[in-house]
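Asks: From the sequence below, what's the structure:
(one chain, ligands or ions: 1)
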Amino acid sequence: MAGDMHAEIQSIVASVRRHHELFANALPLIASENITSNTVKMLLASDLSHRYAEGEVGRRFYQGCRYIDEIEEKAIRYAKELFEAEHVNIKPISGVNANIAALFALTSVGDRIMALSIPDGGHISSSKYSIPALRGLKLDNFPFDAQEMNIDGAQMLRAIKSKKPSLLMFGGSLFLFPHPVSEAREVADEVGARIVYDASHVLGLIAGHTFQDPFREGAEVITSSTHKTFPGPQGGIILCRANLRERIDRAVFPGTVSNHHLHHIAGLAVTLAEMSAFGEAYAAQIITNAKVFAQALYEEGFEVLCEHKGFTESHQIAVDVQKQGGGAAVAQKLERANIIINKNLLPSDKDPEEPSGIRLGVQELTRIGMKESEMKEIAALMGRLILKDGDEDQAKGYVIDLRKNFQDVQYCFDGTDAYTFPEIR
Ligand code: DSN
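Replies: Residues are numbered from 1 along each chain as shown. As a prediction, the model looks like this:
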């Protein structure tokens with residue numbers, strides 16, 4: 001029996017090794033992922049992952065926290081500085097956890113909120129299937145302009161005035177252009193609505209000052225995950241104005257988190273330091289790469305959305321691939337060539353099982369050092385494969401070859417061989 005179980009364990013480890021090999025030889029283009037530096041990976045495997053530290057820095061419910069206090073104090077301080085935030089809570093263990101805490105802190109049962117629908121790019125956590133249902137909220141969707149791939153500002157103002165929501169939730173999962181936060185502020189004040197901004201996808205761009213600045217535009221709370229354009233360990237964070245500190249903190253602990261994940265806190269502190277040093281250069285290259293990639297895909301013949309406005313202002317590109325068989329078929333074909341992307345609903349889609357689009361994110365390829373010329377090469381490769389029905393094995397060989405020179409993480413202090421399986425003996 002013990003022998004069988006040992007073999008099972010070996011096979012789990014072997015699967016993880018194969019996963020590492022796949023990602024060392026692939027083009028990861030999922031817009032919600034990234035890769036951490038080696039220091040962060042080391043800290044994620046540290047003893048911190050075994051410990052409890054409920055409570056606050058210097059006021060814990062457990063002994064043994066003296067070094068955890070040092071780490072957490074730094075993470076909080078770095079986050080406040082980087083985002084110029086009045087208050088920071090780094091305990092949420094995911095972006096959804098951050099959204100749950102924020103919505104429970106700022107709404108009461110029966111309140112009305114406004115958020116993006118899923119086909120328009122909204123995240124599932126602010127859809128009718130998720131937190132609004134758990135909290136008993138009435139949900140209206142922002143009016144959306146599919147041509148502009150953004151919230152329709154004028155219609156939004158009318159909708160806020162007539163629906164009188166108590167909270168506006170900006171941000172989303174398909175997020176090409178800055179949302180009209182400043183436009184909403186005055187009318188939000190008139191109807192008494194709070195503004196929350198889910199920055200999960202664009203947190204690294206905000207840190208690097210290449211996207212919008214939600215606090216300066218009128219948001220009172222920013223919720224986020226910490227592992228998309230912000231290249232930290234998987235986790236969550238809430239930034240807020242000082243007057244909301246107590247409500248947010250209580251909704252996080254003890255509201256929705258008992259022990260926060262201390263290995264994540266150490267990794268987050270390191271990533272915040274990396275982004276202080278390299279964030280502006282990293283975010284600028286992400287935007288350049290996204291625009292060049294989108295233009296090159298468009299020139300290949302892909303129906304890239306929003307050509308009339310430069311395709312994108314974020315790390316993301318949206319492509320309508322209905323004519324090529326739809327998002328699922330295209331994503332699967334690309335995967336067979338080691339190009340990892342996801343199918344994505346577009347605003348006109350009705351069937352969640354049959355998305356007509358794909359979403360591409362360049363933040364991880366940028367993090368491993370790819371620049372404009374690689375973006376053009378990848379667009380040409382995708383054109384051969386998808387538009388000219390090219391050979392999948394040949395394309396895979398090309399991807400493996402291209403990746404040979406891009407195995408290190410950039411924009412950090414130590415990123416050598418970042419996709420190698422980490423041995424601990
Ligand atoms: N659903 C994820 C995304 O890919 O955008 C975020 O949670």
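
Asks: Show me what the host helix or strand of Arg77 is packed up against.
Replies: According to DSSP states H and E, Arg77 maps onto helix 66-83. Judged by 3 or more CB pairs under 8 Å, 6 or more residues apart in numbering; DSSP states H and E, helix 66-83 is in contact with strand 87-89, helix 203-207, strand 236-240, helix 262-300. For the C-beta atoms, the positions are set from N, CA and C on the backbone; glycine is no exception.

Asks: make it 10 Å
Replies: Contacts defined by 3 or more CB pairs under 10 Å, 6 or more residues apart in numbering; DSSP states H and E place helix 66-83 against strand 55-56, strand 59-60, strand 87-89, helix 203-207, strand 236-240, helix 262-300.

Asks: Output it as CSV, nothing but the C-alphas.
Replies: Extracted in CSV, the C-alpha atoms of helix 66-83 (Å, rounded to 0.1, in the frame of the first residue of the first chain):
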residue,chain,number,x,y,z
ARG,A,66,8.1,38.3,15.1
TYR,A,67,9.6,37.9,11.6
ILE,A,68,6.1,37.7,10.0
ASP,A,69,5.5,41.1,11.5
GLU,A,70,8.6,42.5,9.9
ILE,A,71,7.6,41.1,6.5
GLU,A,72,4.0,42.3,6.7
GLU,A,73,4.9,45.8,7.8
LYS,A,74,7.1,46.1,4.8
ALA,A,75,4.5,44.8,2.4
ILE,A,76,1.9,47.2,3.7
ARG,A,77,4.3,50.1,3.5
TYR,A,78,5.5,49.3,0.0
ALA,A,79,2.0,48.9,-1.3
LYS,A,80,0.9,52.3,0.2
GLU,A,81,3.9,54.0,-1.4
LEU,A,82,3.6,52.3,-4.8
PHE,A,83,-0.1,53.0,-5.2
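
Asks: Excluding residues flanking it in the chain, which one is nearest the closest residue to the ligand within the stretch 1-150 of the chain?
Replies: Taking CB to the nearest ligand atom, the ligand has its nearest neighbour within the stretch 1-150 of the chain at Ser32, 3.3 Å off. Excluding its sequence neighbours, the residue lying closest to Ser32 (CB to CB, 6 or more residues apart in numbering) is Lys228, at 5.0 Å.

Asks: Next, the one you found: phi, psi?
Replies: phi -110, psi -110 (degrees, to the nearest 10).

Asks: Met382: which of the helices and strands packed on helix 66-83 is closest?
Replies: Evaluated over the helices and strands packed on helix 66-83, closeness to Met382 peaks at helix 262-300, with 6.7 Å, by CB to CB.

Asks: Buried residues, that closest one. List them.
Replies: Residues of helix 262-300 classed as buried: 262-275, 278-279, 282-283, 285-298, 300 (neighbour count, 16 or more other CB atoms under 10 Å).
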